[in-house]
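J.: Take a look and give me a structure for this.
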Amino acid sequence: MSQSTGGTRERIKAVALELFTEQGYEATSLREVAERLGVTKAALYYHFKSKDEIVTSVVEDRLVRMDALIAWAETQPPTLATRHAVIERYAETMFSGGQPSVMRFFEQNQTALKSLSAGREIRERMFRLANVLCAGDDSPGGQLRAALALFAVHSSWFAVRTPGITDAERKQVALEVANELLTAIAPPPPTP
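T.: Below you'll find the predicted structure:
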């Protein structure tokens, strides 16, 4: 492990997510993560003491991205154009860097995530983001459409099973469906 500490932590997270997705979170041990990395368990423990710490680190990275998006979105007017911009930025965070592997991990390990505090924090941010998307329309339909728009982006990783589809094509389909849902949310009442 001659990489920098930050690079080593990122590699550990990537390999752990790969194993958690292949075998399941519960069925994967830290020993297996260390073996796949080609390091001792002690070297792995230097960076992460448990599987929960690895997942928490992955989720914290995601929370930082979500918090930045929410902070920006809350300063924007509650218009359809803002809704479309928010979902576009959200999709960008979901499809950039190593996020596809994170989304596959989340999708395949939902039960484990529910029991971790990191999973509860992600859900709380999702509700905040959904509230921004339906600002001005507090109806049950508006709330559901906003949540489903976010879910359209998420579910594209497991619901779209077209062989050979690229990440760019998957993102485009997700945004088309999300924007259809957002367009159906009632606009806020005009300001006097």
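J.: Flag the shaky bits of this protein, pLDDT-wise.
T.: For the chain, applying pLDDT under 70 flags the ranges 1-6, 97-100.
J.: mind running it again at 80?
T.: 1-6, 96-116, 118-119, 188-192 (pLDDT under 80).
J.: Would you map out the domains in this structure?
T.: According to automatic domain parsing, the chain comprises the domains 1-49, 52-183.
J.: got those domains as a markdown table, with distance to residue 191 columns?
T.: (Each C-beta comes from the backbone N, C-alpha and C, glycine too.) Below are those laid out as a markdown table (distance: least, C-beta to C-beta, whole Å):
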| stretch | distance to residue 191 |
| --- | --- |
| domain 1-49 | 46 |
| domain 52-183 | 10 |
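J.: got these as a markdown table, with mean neighbour count and distance to residue 190 columns?
T.: A markdown table is the format used below for the domains of the chain (neighbours: other C-beta atoms under 10 Å; distance: least, C-beta to C-beta, whole Å):
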| stretch | mean neighbour count | distance to residue 190 |
| --- | --- | --- |
| domain 1-49 | 16 | 47 |
| domain 52-183 | 17 | 10 |
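J.: In what element of secondary structure is residue 13 found?
T.: Residue 13 is part of helix 5-23, with elements assigned from DSSP states H and E.
J.: what do you get for residue 112?
T.: helix 110-115.
J.: Tell me the gap between that helix and the middle of its chain.
T.: Relative to the mean C-alpha coordinate of its chain, helix 110-115 is positioned 14 Å out (C-alpha atoms, centre = their mean, to the nearest Å).
J.: mind checking the longest helix of the chain?
T.: In the chain, with assignment by DSSP state H, the single longest helix is helix 51-74.
J.: Just want the angle from it to helix 5-23.
T.: Angle, helix 51-74 to helix 5-23, by axes from the mean of the first three to the mean of the last three C-alpha atoms, to 10 degrees: 100 degrees.
J.: Name the next helix or strand downstream of helix 51-74, please.
T.: Following helix 51-74 in sequence, per DSSP H and E, is helix 80-95.
J.: Let me know the next secondary structure element after that following helix.
T.: Taking DSSP H and E, what comes next after helix 80-95 is helix 99-108.
J.: helices or strands next to that following helix in the packing?
T.: helix 5-23, helix 51-74, helix 80-95, helix 140-159 (3 or more C-beta pairs under 8 Å, 6 or more residues apart in numbering; DSSP states H and E).
J.: now that helix, how far from the centre of its chain.
T.: Mean C-alpha position of helix 99-108 versus that of the full chain (C-alpha atoms, centre = their mean) differs by 7 Å.
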